[in-house]
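> sequence and predicted model, in that order:
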Amino acid sequence: MTDTPDTPKSSSSPEEAFLATASHEIRTPLNGILGTVSLLLETDLQPPQREYAEAIRQSGARLLDLLNNVLDYARLDASAVELETENFCPVRLGREVVELLSPRAHAAGLDLAVRTSQLPMPDHSGDAGRIRQILFNLVGNALKFTQTGGVLLDISARDDGLEFRITDTGPGIAANDQDRLFDAFRQAGAGDAYKDGGVGLGLAIVKRLTDLLGGRISVLSTPGCGASFSVFLPVPRSGQDACHDETHLGGKVGLLGLPAVTCLSIAAALEHAGATPILVDPSRGRLPQGVDVLLIGADLPEATVRAYSKLAPAIVVLRPEDRGALPRFRMLGCVGWLVRPLRASSLAERIFLVRTGGEAEDEPDVQTGVGRVLIADDNPVNALIARRALESAGFTVTVATTGSEAVEAAEAMHPVLILMDLRMPVMDGFEAMRRLREGGSRTPIIAVSAEINPDIERRARAAGADGVAAKPLDAEALRSLALHWAGNGLPSAGVA
């Protein structure tokens, strides 16, 4: 039998072996609970039943967050962490974190965005996986304690490294509580543990990882005025060309009724592109001189949207879950659309298209999967969740319960996508992916694991994975993943 991905190498300590096993065995049933509830919530439930199912989902998600923090902290204690060096784009890394956490932010009614000090930003060299974990913990923590407003991630390239600043509009932190923020099992206030069910490990992990990378972290906060966490990391520039092309738009772009955090992000992106952002007061009923394109918030009254759409070409900015309202905004006069959190490249593309009179592609009413998907997973609950989710999207699904079965099935059926669990009996997912790639298979493979950390992600990609996804994947996330990798994703035009 080959080693499972969570099985430690021969040099691993007993503590690491225990953590690897505990991580998988605890997460697996919890993933089954969350995945099954996601399917249940898509059925026709009575209001009380939906309320109970949603309570299960929320409690399970909180338990999973707690488990992840406990295991991450224990792993840092149990072993010497080896740092990996790779070239990465700071803007892309920060955008990945924000896009991953944006559903959580939008579900809570919060705004979330990235702002950069320069575009294009030079590539840097360092442990991108550890940096991503730092940002994920900090942004996630900010969202947890913010009730209204939003969270802004600032990324700045300095001569001696990178600075990341996470600013929120939460309740703030008292001065006498700031000194103990980064201590394990301590939280800012005595009531915080009861409020969010945590044990105070998220920021402790951030501090240890920051120290590991040779950086420093600080916090500025006043009660009632939010908090700002700043992380400086002395990572050098890679010397490679920047990953973003320089864009020049020029002109004046009006910002009307946008959430504050998104507004700050858009204003910075426009300035990097040589355009002048102009804040428009909805109550004035007219545009400042020279404004030739409007970016307009989806929460404005219909009468305001209709009136301003007559004054200049208007692009509505909305959340992904609000795409169903696009026909209504078309009727109100909007000529384009963008989705939060915005990407600078999509922003420039959309403005350029509107200025040149181009037509935006309409959002497809229904996305339907075509072809066969192979699911390799030895857990029957996980396989059931994935099968039901993908079949509802139109795919034909085959399930393999071992890596060797997955290799045989893939060679026989030629699927459009393979979802490969990394921990399986007889042959693990790593070996199965290696054999498929050695046999010439070019089918997209998404490695799926209950435990995702930089080491596992690197091993999966080295074995042939095109992408890596962490369990639990709810029904909607599974469908989106499959539609994207099977070539049936959303059109690029108009999508942020």
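Structure received. Numbers count the residues shown, from 1 in each chain.

> most distant residue from the middle of this structure?
Largest separation from the mean C-alpha position in the chain: Gln289, at 38.2 Å (CA atoms, centre = their mean).

> list phi and psi for that one.
phi -60, psi 130 (degrees, to the nearest 10).

> could you point out the longest helix of this structure?
The residue-count maximum for a helix in the chain (DSSP state H) belongs to helix 47-78.

> buried residues in the helix or strand harbouring Phe329?
Phe329 is located in helix 326-331, with elements delineated by DSSP states H and E. Of the residues in helix 326-331, Leu326, Phe329, Arg330 count as buried by neighbour count, 16 or more other CB atoms under 10 Å. In short, each C-beta sits where N, CA and C put it, glycine included.

> name the helix or strand of the protein that has the lowest mean pLDDT.
helix 192-196 (a mean of 45; mean pLDDT, DSSP states H and E).

> buried ones in stretch 285-300?
Applying 16+ other CB under 10 Å to stretch 285-300 flags Leu287, Val291, Val293, Leu294, Leu295, Ile296, Gly297, Ala298, Leu300 as buried.

> correction: stretch 202-219
202-210, 213, 215, 217, 219.

> if we look at it, which residues are touching it?
69, 72-73, 76, 81, 83, 126-127, 130-131, 133-134, 137-138, 140-141, 161, 173, 178, 181-185, 227-235 (CB atoms under 8 Å, 6 or more residues apart in numbering).

> which among the residues you listed count as buried?
Buried among those (16+ other CB under 10 Å): 69, 72-73, 81, 126-127, 130-131, 133-134, 137-138, 140-141, 161, 173, 181-182, 227-233, 235.

> next one: stretch 442-458 to chain centre, how far?
Per CA atoms, centre = their mean, to the nearest Å, the displacement of stretch 442-458 from the mean C-alpha position of its chain is 15 Å.

> right, I mislabeled it, should have said stretch 437-445
27 Å.

> and if you look at stretch 421-431?
That offset, for stretch 421-431, works out to 26 Å (CA atoms, centre = their mean).

> mind listing what's buried along that stretch?
Going by 16+ other CB under 10 Å, stretch 421-431 has these buried residues: Asp421, Leu422, Arg423, Met424, Met427, Asp428, Gly429, Phe430, Glu431.

> tell me the secondary structure for the one residue sitting closest to the centre of the chain?
In the chain, the residue lying closest to the centroid (CA atoms, centre = their mean) is Leu100, at 1.1 Å. Under DSSP: H, G, I helix; E, B strand; the rest coil, Leu100 falls in the helix class.

> repeat that for Arg27.
Criterion first, three-state DSSP; result for Arg27: helix.

> quick check, it in contact with Glu451.
Yes: counting by CB atoms under 8 Å, Glu451 is a contact partner of Arg27 at 6.5 Å.

> circling back: any idea which helix or strand comes after the helix holding Phe329?
Following helix 326-331 in sequence, per DSSP H and E, is strand 336-339.

> elements contacting the helix or strand harbouring Ile166?
Here Ile166 sits within strand 161-168, counting by DSSP H and E. In this structure, strand 161-168 packs against helix 128-144, strand 150-158, strand 227-233, with contacts taken as 3 or more CB pairs under 8 Å, 6 or more residues apart in numbering; DSSP states H and E.

> relative to Val305, which of the ones you listed is closest?
strand 150-158 (21.6 Å; CB to CB).

> neighbouring strands - and their directions - for that closest one?
In the sheet, strand 150-158 lines up against strand 111-116 (parallel), strand 161-168 (antiparallel) (DSSP bridges).

> deepest of those, which one?
strand 111-116 (a mean of 25; mean count of other CB atoms under 10 Å).

> average model confidence for the helix or strand just after that one?
Going down the chain from strand 111-116, the next helix or strand is strand 124-126, by DSSP H and E. The average pLDDT for strand 124-126 rounds to 93.

> try stretch 381-391
The model assigns stretch 381-391 a mean pLDDT of 86.

> same question, stretch 94-104
Mean predicted lDDT for stretch 94-104 stands at 88.

> please apply the same query to stretch 446-461.
Here the average pLDDT along stretch 446-461 is 82.

> the nearest residue to Gly172 once chain neighbours are set aside: what secondary structure?
Distance criterion CB to CB, 6 or more residues apart in numbering; nearest residue to Gly172, sequence neighbours excluded, is Pro223 at 4.2 Å. Recorded secondary structure, Pro223: coil (three-state DSSP).

> count the neighbours of Pro223 for me.
Residues lying near Pro223 (other CB atoms under 10 Å) number 13.

> show me the contacts for it.
Per CB under 8 Å, 6+ apart, neighbours of Pro223: Pro171, Gly172, Ile173, Ala174.

> please pick the buried ones from the residues you listed.
By neighbour count, with 16+ other CB under 10 Å, the contacts of Pro223 hold Pro171, Gly172, Ile173 as buried.
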